[in-house]
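Trainee: Predicted coordinates and the sequence they were generated for:
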Amino acid sequence: MNLREAIEEKALNLGLTNLKITHGKPFLSERALLQERLQMGLLTATAAGNIITRTDPELALPGAASIICAALPYKFSQDIRQENRLARYARLRDYHAVLGSAMEDLAKLIQIEQPAAQFRISVDTGPLVERAAACRAGVGYIGKNCSLITQNHGSFVLLGALLTTVALPADEPLPTRICGTCRACLDACPTGALEAPYTLRETACLSYLTQKKGWIPREYRTLIKEKLWGCDVCQDVCPYNQLQPAPDLTLWNTEDDTIFLPDLHTILRWGNKEYRTALQMSALYWRGRTVLQRNALLMLGNRHNGEDAAAIAACLRDPRPVIRGHAAWALGEIQTGLAQQRLLQALEHEKDKNVQEEMKSALQV
Ligand code: SF4
Ligand code: SF4
């Protein structure tokens, strides 16, 4: 068995699929595209990162000769036990750790044969644009929804890249695009963030908005509907995701690694300790509890249920302006007598200008 075959076998045993390899040359067309999109305001600065660094493997790992790309499927039949309020990837133990550790195992295998080899792992937060690497390596195609779509597991896959100084035979990109005349994702996107095929305005994407810190622009609050974290709409409607078999669960144990969240009222009452206990093994944890509690308030506002008014009104006393402000918005959506009364009382004492504005807008004064 040669090194390539050994890597493929190890990847399969680890639960990774679609292992492909590309060379370590820069991603020049991706760089130009990222720069253009950043200038057009389609990309957030965080998402763009350092464009030059992210598109030059040599800067991420001096002497980078190959990039080993692999996919980790994450759509399971057990998903039915979970509500759709979390994006699928967030219903499982943090993939950065799970996928990162699998990529590390591949590196260890190579190092046995090539002790001088250098490596760098890139899993989402890493130095490289993994999707471009996966596309160039032939792991899948980029669909009109801007996700990488694999032929066997659709787009519900997480991507890992392992840069190495070892020169391995490179694969070719897949030959054709696959969407044809389909535009289901563009039609289904709740915010119009998919402005055109292959063009995503990140600042309008619910996946970004539900993860960002701070205030959610008012025009998006009702569109968030029942989303507590992330958005899978443009992937859920994709025909390539309809008939995917449940993947081989060698990396996740769905009993131990599934994230279960309590009801929204409980989430609103969380202190740091409860938040840590519930989410410390999750990919959401790094964002902190305020983002999740803010989103919970938006979900409650969107439910328009008078029985939620007291729980939301309790947040008007929260020390964090962003929580008070979104609570005011949610009460404005509910519009019961209790909601109005609590808003009026809170407005008398509110010092923060943004929160005052939210309260006035909710009271329509
Ligand atoms: S993730 Fe949601 S909001 Fe973002 S492009 Fe897809 S459907 Fe639209
Ligand atoms: S929904 Fe249709 S257009 Fe969108 S990515 Fe899937 S196949 Fe392509």
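Mentor: Here it is on my side, so go on. Numbering: from 1, shown residues only. Ligands and ions are numbered 1, 2, ... in the order given.
Trainee: Show me which helix or strand of the chain is least confident by mean pLDDT.
Mentor: helix 45-48 (a mean of 67; mean pLDDT, DSSP states H and E).
Trainee: How about the following helix or strand past that helix, which residues are buried there?
Mentor: Counting by DSSP states H and E, the next helix or strand C-terminal to helix 45-48 is helix 51-54. Neighbour counts over helix 51-54 (16 or more other Cβ atoms under 10 Å) mark Ile51, Arg54 as buried. Using the backbone N, CA and C atoms, a C-beta is placed for each residue, glycine as well.
Trainee: Show which residues not belonging to helix 51-54 make contact with it.
Mentor: The contact list for helix 51-54, computed with Cβ atoms under 8 Å, 6 or more residues apart in numbering, reads Arg31, Leu34, Gln35, Leu38, Leu59, Ala60, Pro127, Leu128, Val129.
Trainee: can you do 6 Å?
Mentor: Identification of contacts with helix 51-54 by Cβ atoms under 6 Å, 6 or more residues apart in numbering yields Arg31, Leu34, Gln35, Leu59, Val129.
Trainee: Near the residue nearest to Tyr240 when sequence neighbours are not counted, how many other residues are there?
Mentor: Take Tyr240 and drop its neighbours on the chain: the residue closest to it by Cβ to Cβ, 6 or more residues apart in numbering is Gly154, 4.3 Å away. Using other Cβ atoms under 10 Å, Gly154 has 22 other residues around it.
Trainee: For Gly154, give the beta-bridge partners.
Mentor: Beta-bridge pairing of Gly154 under DSSP bridges involves Thr150.
Trainee: Look up how far Thr222 lies from it.
Mentor: Applying Cβ to Cβ, to the nearest Å, the value for Gly154 to Thr222 is 29 Å.
Trainee: Kindly report the same for Ala314.
Mentor: Distance from Ala314 to Thr222, counting by Cβ to Cβ: 23 Å.
Trainee: Could you list the contact residues of the stretch 251-365 of the chain toward ligand 2?
Mentor: Applying the criterion Cβ under 6 Å from any ligand atom, no portion of the stretch 251-365 of the chain neighbours ligand 2.
Trainee: Report the spatially nearest residue to the closest residue to ligand 2 within the stretch 251-365 of the chain, omitting neighbours in sequence.
Mentor: Going by Cβ to the nearest ligand atom, ligand 2 is nearest to Ala283 of the stretch 251-365 of the chain, at 23.1 Å. Leaving aside its chain neighbours, Ala283 sits nearest to Asp94 (4.4 Å; criterion: Cβ to Cβ, 6+ apart).
Trainee: So which residues make contact with the helix ranked longest in the chain?
Mentor: Secondary structure of the chain per DSSP state H: the longest helix is helix 95-113. By Cβ under 6 Å, 6+ apart, the surrounding residues in contact with helix 95-113 are 3, 7, 10, 14, 16, 72, 117, 119, 121, 123, 158, 160, 162, 166, 251, 283.
Trainee: Pull out the buried positions in that helix.
Mentor: For helix 95-113, the neighbour count (16+ other Cβ under 10 Å) marks Tyr95, His96, Val98, Leu99, Gly100, Ala102, Met103, Leu106, Ala107, Leu109, Ile110 as buried.
Trainee: Next: stretch 24-42.
Mentor: Residues Gly24, Phe27, Glu30, Arg31, Leu33, Leu34, Arg37, Leu42 are the ones in stretch 24-42 that count as buried (16+ other Cβ under 10 Å).
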